[in-house]
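structure of the sequence below:
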Amino acid sequence: NDYKSIVLGFSGKINELVNVEKAYNDKIEIIRRFTGGGTVIIDKDTIFSTFIMNTEDAKSLPYPKEIMAWSEPIYKDVFNIDSSDLKFSLRENDYVLYGDKKIGGNAQSITKNRWVHHTSFLGKISPENMKYLLIPKKAPNYRNNRDH
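Below you'll find the predicted structure:
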């Protein structure tokens with residue numbers, strides 16, 4: 001199945017983040033989600049994970065950095081299960097392997113006492129898929145201005 005879609009955070013500017021003409025010509029659906037976060041292209045190899053939590057149950061302050069720090073040990077246990085060489089970690093706002101290889105982006109929706117934290121883990125990176133995305137103006141320092 002070659003189905004794929006582009007998903008933008010609620011405040012993402014489509015013309016700054018998506019090659020709209022290529023997406024339109026290739027009939028790629030563009031979806032805006034209710035949470036923040038960046039832009040991701042999803043396909044059959046994308047794995048989604050979502051936590052819906054009461055702040056008091058998670059014992060985490062209801063702010064993005066604190067929520068990501070709360071989730072890091074959970075994912076660390078999953079990704080380091082077979083090999084300590086993977087070196088899963090939270091780096092700036094992304095989940096990475098080997099120190100700088102982004103494997104997952106995340107977004108949150110936060111209210112007073114509850115929050116949603118979801119992640120899109122990219123199972124395989126298709127260079128062809130990356131042609132639909134533009135380089136965002138705001139990127140993590142560890143990317144060092146590299147392409148997708």
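
quick check, pLDDT for the residue positioned nearest the centre of the chain.
Among the residues of the chain, the one closest to the centroid is G105, at 1.5 Å (CA atoms, centre = their mean). pLDDT for G105: 86.

what of Y142?
51.

before we move on, the earlier item: thought the residue nearest to the centre of the chain was touching V96?
No: using CB atoms under 8 Å, G105 makes no contact with V96, being 10.5 Å away. For glycine as for every other residue, the C-beta is placed from the backbone atoms N, C-alpha and C.

hang on, the earlier thing: doesn't the residue nearest to the centre of the chain belong to a helix?
No: assessed by DSSP: H, G, I helix; E, B strand; the rest coil, G105 does not belong to a helix; its assignment is strand.

OK, contacts around it?
Counting by CB atoms under 8 Å, 6 or more residues apart in numbering, G105 touches G37, G38, V40, N93, D94, Y95, T119, S120.

which ones among these are found in helices?
For those, not one is inside helices, with DSSP state H as the criterion.

now, of the residues you listed, which are buried?
G37, G38, V40, D94, Y95, T119, S120 (16 or more other CB atoms under 10 Å).

now, among the residues you listed, which is nearest to K65?
Distances from K65 to the buried ones among the contacts of G105, taken as CB to CB, are shortest for D94 (12.2 Å).

I figured that closest one hits G104, correct?
Yes: using CB under 8 Å, D94 is in contact with G104, at 6.8 Å.

if I look at I42, how far off is W70?
24 Å (CB to CB, to the nearest Å).

over to T39?
From T39 to W70 the distance is 24 Å (CB to CB).

longest helix anywhere in this structure?
helix 64-79.

what comes up buried for the very next helix or strand once past that helix?
Next helix or strand after helix 64-79 toward the C-terminus (DSSP states H and E): strand 89-91. Neighbour counts over strand 89-91 (16+ other CB under 10 Å) mark S89, L90, R91 as buried.

do the same with stretch 103-120
Quick answer for stretch 103-120 (16+ other CB under 10 Å): 103-110, 115-120.

closest one of those to S49?
Nearest to S49 among the buried residues of stretch 103-120 is T119, at 4.7 Å by CB to CB.
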